[in-house]
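output the structure for:
(chains A and B)
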Amino acid sequence: MNAPVNVELAVMELRIRTTAALDQRILEDAWGALHGAVSKPAHRTVLSCFLGMRWKLVAAAVILAATFITAMLLSRPRGAAERHPVARDSRTQVGPVAPVETRPPATLPVADRERIERMYAAVTSRG
Amino acid sequence: MQDDRHLIGRLKQGDREALRQVYVAYKDSLLTLAFSLLHDRNTAEDVLHDVFVSFAGCVGDLALRTSLRQYLTASVLNRVRDRFRRDKIQAARADGRAPAEPLRGGPEQVAVLGEETRRLVAALAQLPLEQREVIVLRLNGGMKFRQIAEIQNASVPTVQGRYRYGIDRLRALMGVRTTT
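Below you'll find the model as predicted:
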């Protein structure tokens, strides 16, 4: 009959140690790999360097989007006045007809009316 | 983290002493982890070998986002999972079904371990791999649930659940009565 054990403690205290032969084998192979990795010239392209840095990529995307939006806003016509096309021929009517400026009703000034009334009265009294 | 970055910097310059320091610092804990999961010393040693050789080989391009310990632990776990996947495929090809038991050590390996350790490792081998990983990383590796969740690509409650079920099962397998 096996004695009961504290499972958590048993797992905590579990230790498997490496042997000297294993240490030597792994370190020799790892040193070889390290030497190969370090002596290898860096062939990183500009693009791969750039893609490796994620935050720079995000910043570049934001700048690109801002530039695009600014360009769109600047290329838009500013007002309706700038949109009127220029007619090449005086006979061709291009674009909407501007409303004709309405003149105020032709009323005679008071002095003129009085003068005309006096003249009319003089003619009628004479004749 | 700062020490890790300093070590990586030295490794990038080809410092052999830095590589030896990293190896000495993590070799036993990583071998214990691999052995606890694989239940086979030879395969665990192969995993440790692969992890350190590939780590040394790619140190030039290494950009450490976590601690070195977490990075090496994740490397061991990935290799263990690869082994299980490979064995599963081979077994499925051989007789049309996946193996029910994980890898087993020979009698000469088992004799090296004490009675209690043998029972523990045998019981661990009967748990699902995810539960085994959480229990060993939590108790033996001293990692937090959050860190294990990152490695397992799972949520913290999921990892906590795996731990709870795994410990209950382990107690049952080892004949320990729960005190709660």
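
what's the weakest-modelled helix or strand in the chain?
I'll assume chain A. helix A:46-52 (a mean of 60; mean pLDDT, DSSP states H and E).

could you do chain B instead?
helix B:107-112 (a mean of 50).

can you tell me which residues in chain A are near chain B?
With CB under 8 Å from any CB of the partner chain as the criterion, chain A meets chain B at residues A:2, A:4-8, A:10-12, A:14-18, A:22-23, A:25-27, A:29-31, A:33-40, A:42, A:52. Where C-beta positions appear, they are placed from N, C-alpha and C, glycine not excepted.

of those residues, which belong to helices?
Using DSSP state H, the members of these that fall in helices are A:7-8, A:10-12, A:22-23, A:25-27, A:29-31, A:33-39, A:52.

restrict the residues of chain A next to chain B to the buried ones and give me that as a PyMOL selection.
The PyMOL selection below is limited to those of the residues of chain A next to chain B classed as buried (16 or more other CB atoms under 10 Å in any protein chain shown):
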select buried, chain A and resi 7+10+11+14+16+18+22+23+26+27+29+30+31+33+34+37
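
element containing the closest residue to residue B:129 other than its chain neighbours?
Closest residue to residue B:129 apart from its sequence neighbours, by CB to CB, 6 or more residues apart in numbering or on different chains: residue B:84 at 6.3 Å. Using DSSP states H and E, residue B:84 sits within helix B:68-95.

so what pLDDT did residue B:44 get?
Note for residue B:44: predicted pLDDT of 91.

and it, how close does it get to residue B:50?
11 Å (CB to CB, to the nearest Å).

quick one: which of these two has more around it?
Of the pair residue B:44 and residue B:50, residue B:44 is the one with more neighbours under other CB atoms under 10 Å in any protein chain shown, namely 28 against 18.

now do the contacts for the more buried one.
A:16, B:31, B:34-35, B:38 (CB atoms under 8 Å, 6 or more residues apart in numbering or on different chains).

swap the cut-off to 7 Å and go again
Going by CB atoms under 7 Å, 6 or more residues apart in numbering or on different chains, residue B:44 touches B:31, B:34-35, B:38.

what's the closest of the residues you listed to residue B:18?
Taking CB to CB as the measure, residue B:18 lies nearest residue B:31 of the contacts of residue B:44, at 20.3 Å.

what packs against the longest helix along chain A?
Longest helix in chain A by number of residues (criterion: DSSP H): helix A:54-75. In this structure, helix A:54-75 packs against helix A:46-52, with contacts taken as 3 or more CB pairs under 7 Å, 6 or more residues apart in numbering or on different chains; DSSP states H and E.

point out where chain B drops to low pLDDT.
Within chain B, the stretches with pLDDT under 70 are B:1-2, B:92-113, B:176-180.

repeat the analysis, applying 50 as the threshold.
B:97-108, B:110, B:180 (pLDDT under 50).

residues from chain B in reach of chain A?
For chain B, the residues in contact with chain A (CB under 7 Å from any CB of the partner chain) are B:11, B:14, B:16, B:19-20, B:23, B:27-28, B:31-32, B:35-36, B:45, B:48-49, B:52-53, B:56-60, B:116-117, B:119-120, B:135-136, B:139-140, B:167, B:170-171, B:174-176.

6 Å instead?
With CB under 6 Å from any CB of the partner chain as the criterion, chain B meets chain A at residues B:14, B:16, B:19, B:27-28, B:31-32, B:35, B:45, B:49, B:52-53, B:56-57, B:59-60, B:116, B:120, B:139-140, B:170-171, B:176.
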